[in-house]
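Asks: Pasting the sequence and the predicted coordinates here, then a few questions.
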Amino acid sequence: MPTILLYLFVCCIALSLNACRFLEDTEIAQDTSLYATIIANELSGDPSTGRELPSIESPKAQLGMQLFYSKALGGDMDAACVTCHHPMLGGGDALSLPIGTEAEVPDLLGPGRSHAVNGTHYDGGPTVPRNAQSIFNIALWDDALFHDGRVESLDKIPGVNGAGAIRTPDSAFNVAVPNAGPNLPAAQAGFPVTSAEEMRGHQYLAGESNAELRQALVNRLRNVSNSPVDVLPKNDWLQAFRVAFDDPQGDAQSLINFANISEAIAEYERSMVYVDSPWRAYVKGDSHAISLQAKEGALLFFGKVENGGAGCNTCHSGDLFSDQQYHNIAMIQIGRGKGDGSNGSDDFGRYRESGDAKDLYAFRTPSLLNVEVTGPWGHAGAYTSLEAVVRHHVDPMQAIREFDTTQIDPSISVDDRIINAQLALAKLNADIATGRSPVLQTTNLSDEQIDQLVAFLQTLTDPCVKSRDCLSPWIPDDSLSDPDGLRLNAIDRSGNVL
């Protein structure tokens, strides 16, 4: 080798070694800072630790899966729980806003699902006003469920209720419902079936109470209804309940009731715990589990704004990455809304439940576990990319001003987004000015830093939620009996089985 080439080769090797040492030193410094942050925030990496969680193989969870996938719990028998919450769609429906009842093709889930042209209040767009939240890790919520917390534990209110007290929409605010169920998911299971847009339909027992609706569904499964609309193609539900509740001689009257229906559905949902992420491995001590870019993102995530960080863990705290509280972040409102505001297309969030002005436009802080697969994001699904929703958090005013409507399905109305967002932003700015809301502080992050935050958020994904094989225990196949012949066999818009 000529001398000059040999010299250049040796120089390249030396430079490469120096670069490697620099990167190694950088990463060691990152790990030191990050592990100190983990200790300071008392993170274990696993929010499921210490909880009693059911196995999907348990008989009760298996019954829950049968019920979850059955359109028999839909008033008009065209929607099931899984319609808006499929494991292969991030535990939701992968839509900004859901279409529950009166779909053009009931078994088509996710993108491509449309409201039938002869459906009630048809306008071409989705009928449900809020984004379908993921059921992944629902067992890890202790305080409340739903965007506005309308199913919530009252344990933390001193002197008001005993342990295990739960409030639902069947009672006034801060008033517990007797026998609401053994846990929040069981209490929550009683409400999608009562919503005309989600599962009930607009014809079935129209005008009747929630209690009457639930009893009618119970009678349908018991096969004792006198209504022809309740006739099932077949009915083997009694045997399914006998197996689940270990009562071989039990009768329909004692076994098939809405409390048992809700409990079984909740056991299925509570078995869906996916926390085995690269971040968990890192917290447990595997310093190579996440990338250098993700470590930079983590330091930004946990860093205080005044120190150049993003301050994300102000709300997204703990191993669940949620403080389980309610905050106004001026999230963009699209779609039909909840009937609030002068034009009826707004959504006042937690205020609708509490009536407290401080809760106007506040929504429950979502968990960030598996956030990579649980979009679209926001209470109305306004953002369809993780990067876009991160950018909203670091500068909501700019995000609102530059909101890209092309990311939204053209069937969804975005006409009132500006006026609705401005009202929420005005409330946020007023709260910040009075010191009431330290939640969002505009941060001047670079594109590189945004990418680092996104890289960190992706480390919170359990690989199982991306694998059909791994998720298969939570998706019924022919080995699990179909008690009524009304199982929703989900397909995507190409006709492929989900």
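Replies: Done, it's in. Residues are numbered from 1 along each chain as shown.
Asks: Now do the contacts for Thr32.
Replies: Counting by CB atoms under 8 Å, 6 or more residues apart in numbering, Thr32 touches no other residue. From N, CA and C alone the C-beta is placed, and that goes for glycine too.
Asks: Got the confidence number for it?
Replies: You'll see Thr32 listed with a pLDDT of 96.
Asks: what domains does the record give for the protein?
Replies: Here the domain parsing of the chain from automatic domain parsing is 59-273+468-474, 312-442.
Asks: Rebuild those domains as TSV, extending it with mean neighbour count, distance to Arg493 and mean pLDDT.
Replies: Below are those laid out as TSV (neighbours: other CB atoms under 10 Å; distance: least, CB to CB, whole Å; pLDDT from 0 to 100):
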stretch	mean neighbour count	distance to Arg493	mean pLDDT
domain 59-273+468-474	19	3	96
domain 312-442	19	12	94
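Asks: Dump the ones you listed into CSV; add distance to Leu453 as well.
Replies: Output for these, formatted as CSV (distance: least, CB to CB, whole Å):
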stretch, distance to Leu453
domain 59-273+468-474, 20
domain 312-442, 5
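Asks: Tell me which of those domains sits nearest to Ile28.
Replies: Taking CB to CB, domain 312-442 is the member of the domains of the chain nearest to Ile28, at 23.2 Å.
Asks: State the distance from Ile146 to Glu208.
Replies: Not quite, residue 146 is Phe, not Ile. Between Phe146 and Glu208 the computed distance is 22 Å (CB to CB, to the nearest Å).
Asks: buried residues in the helix or strand hosting Gly297?
Replies: With elements taken from DSSP states H and E, the one containing Gly297 is helix 292-302. By neighbour count on 16 or more other CB atoms under 10 Å, the buried set for helix 292-302 is Gln293, Ala294, Lys295, Glu296, Gly297, Ala298, Leu299, Leu300, Phe301, Phe302.
Asks: Which residues does that helix contact?
Replies: The contact list for helix 292-302 (CB under 8 Å, 6+ apart) reads 23, 26-27, 30-31, 33-34, 37, 41, 278-279, 290, 309-310, 312-313, 316, 445, 449, 451-459.
Asks: Spit out the contact partners of Thr168.
Replies: Thr168 is in contact with Arg150, Val151, Val177, Ala180, Ala187, Gln188, Gly190, Phe191, counting by CB under 8 Å, 6+ apart.
Asks: In this model Gln188 seems to touch the fourth one, though I could be wrong.
Replies: No. Look at Ala180 against Gln188 with CB atoms under 8 Å: they stay out of range, at 9.6 Å.
Asks: the helices in the stretch 51-200 of the chain, which residues?
Replies: Along the stretch 51-200 of the chain, the stretches classed as helices by DSSP state H, counting those that start in this stretch are 59-68, 184-188.
Asks: contact partners of the following helix or strand past the last one?
Replies: Same thing as helix 184-188. Counting by DSSP H and E, the next helix or strand C-terminal to helix 184-188 is helix 210-222. Residues outside helix 210-222 that contact it (CB under 8 Å, 6+ apart) are 72-73, 75, 169-170, 190-191, 193-194, 200, 204-205, 208, 225, 227, 230, 232, 235, 237-238, 252-253, 256-258, 261, 484.
Asks: how about Tyr383, what does it touch?
Replies: Ile332, Gly375, Pro376, Trp377, Val389, His392, Gln407.
Asks: between these, which is nearest Ser322?
Replies: Using CB to CB, the contacts of Tyr383 come closest to Ser322 at Trp377, 13.7 Å.
Asks: Next up, the contacts around Ser271.
Replies: Listed by CB under 8 Å, 6+ apart, the contact partners of Ser271 are Leu53, Pro54, Ser55, Ile56, Ser58, Ala61, Ala139, Trp474.
Asks: pLDDT at the fifth one, what is it?
Replies: The model reports Ser58 with a pLDDT of 98.
Asks: For Arg401, what are phi and psi?
Replies: phi -70, psi -40 (degrees, to the nearest 10).
Asks: Tell me the spacing between it and Asp395.
Replies: In terms of CB to CB, Arg401 sits 9 Å off from Asp395.
Asks: just Lys234 next, same as before
Replies: Lys234 sits at a distance of 57 Å from Asp395 (criterion: CB to CB).
Asks: just Asp93 next, same as before
Replies: The value you get for Asp93 to Asp395, if CB to CB is used, is 29 Å.
Asks: Could you do Glu208 as well?
Replies: As judged by CB to CB, Glu208 and Asp395 stand 48 Å apart.
Asks: how far does stretch 367-378 stretch from start to finish?
Replies: 12 Å (CA to CA, to the nearest Å).
Asks: contacting residues around Pro396?
Replies: Residues in contact with Pro396 (CB under 8 Å, 6+ apart) are Ile329, Ala330, Leu425, Leu428, Leu440, Thr442.
Asks: And the pLDDT at Phe22?
Replies: Note on Phe22: pLDDT of 50.
Asks: actually Val10, not the one I wrote
Replies: 40.
Asks: Endpoints of stretch 337-348, how far apart?
Replies: From its first residue to its last, stretch 337-348 covers 9 Å (CA to CA).
Asks: List the contacts of it.
Replies: Under the contact criterion CB under 8 Å, 6+ apart, stretch 337-348 has outside partners 129-130, 333, 335-336, 352, 360-361, 379-380, 413, 415-416, 419-420, 423.
Asks: mind redoing it with 6 Å?
Replies: Around stretch 337-348, the neighbours that count as contacts under CB atoms under 6 Å, 6 or more residues apart in numbering are Pro129, Gln333, Leu360, Asp416, Asn420.
Asks: which residues in the stretch 351-498 of the chain form strands?
Replies: For the stretch 351-498 of the chain, the strands defined by DSSP state E, counting those that start in this stretch occupy 363-364.
Asks: hey, where'd the helices end up in it?
Replies: In the stretch 351-498 of the chain, the helices defined using DSSP H, counting those that start in this stretch lie at 351-354, 386-394, 396-401, 417-433, 447-458, 468-471.
Asks: Tabulate these (TSV), appending distance to Ser345.
Replies: Below are the helices of the stretch 351-498 of the chain laid out as TSV (distance: least, CB to CB, whole Å):
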stretch	distance to Ser345
helix 351-354	14
helix 386-394	19
helix 396-401	16
helix 417-433	7
helix 447-458	30
helix 468-471	36
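Asks: How about the backbone phi and psi for the residue lying closest to Leu320 once chain neighbours are set aside?
Replies: For Leu320, ignoring the flanking residues on the chain, the nearest one in space by CB to CB, 6 or more residues apart in numbering is Pro47 at 4.6 Å. Backbone torsions for Pro47, taken as degrees, to the nearest 10, come to phi -70, psi 0.
Asks: quick one, what contacts Pro47?
Replies: Applying CB under 6 Å, 6+ apart to Pro47 gives the contacts Leu140, Asp319, Leu320.
Asks: and the second one, helix, strand or coil?
Replies: Looking back up the chat, that one is Asp319. Under the three-state scheme (DSSP: H, G, I helix; E, B strand; the rest coil), Asp319 adopts coil.
Asks: With adjacent residues omitted, what lies nearest to it?
Replies: Counting by CB to CB, 6+ apart, the residue nearest Asp319 is Pro47, at 3.8 Å.
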